[in-house]
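this one's structure only:
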């Protein structure tokens, strides 16, 4: 009885660990790709965001 309860828990834990490791690996990979290939795009996006923010800023608030 104890084994029946413990086995699925252990398996799901191992599965979760593998999923977690995969997710961490993928996010690091994506961050690396973004930091190298997408640096210019990110800078452009930041600039356009700043322009949009300044454009939509309410004059009375400033």
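Right, received. Where do you want to start? Treat the numbers as computed from the prediction; the structure is a model and nothing was measured.

use CA for all of it now, contacts and neighbours both
OK.

Remind me what the longest helix belonging to the chain packs against, helices and strands.
Scanning the chain for the longest helix, with DSSP state H as the assignment, gives helix 2-37. Using 3 or more CA pairs under 8 Å, 6 or more residues apart in numbering; DSSP states H and E as the contact test, no helix or strand touches helix 2-37.

How much space separates residue 28 from residue 34?
10 Å (CA to CA, to the nearest Å).

Counting neighbours, what do you get for residue 34?
14 (other CA atoms under 10 Å).

who's in contact with it?
Residues near residue 34 by CA atoms under 8 Å, 6 or more residues apart in numbering: none.

For residue 49, see how far away residue 21 is.
Using CA to CA, we find residue 21 at a distance of 33 Å from residue 49.

Where does pLDDT dip in the chain?
Low-confidence segments of the chain, defined by pLDDT under 70: 1-8, 37-38, 40-43, 45, 52-62.

try 80 this time
1-11, 13-14, 33-62 (pLDDT under 80).

For residue 17, give its distance to residue 27.
15 Å.

do the same with residue 48
Distance from residue 48 to residue 27, by CA to CA: 25 Å.

swap in residue 39?
For residue 39 relative to residue 27 (CA to CA), the value is 16 Å.

I'm done for today, thanks for sticking with me.
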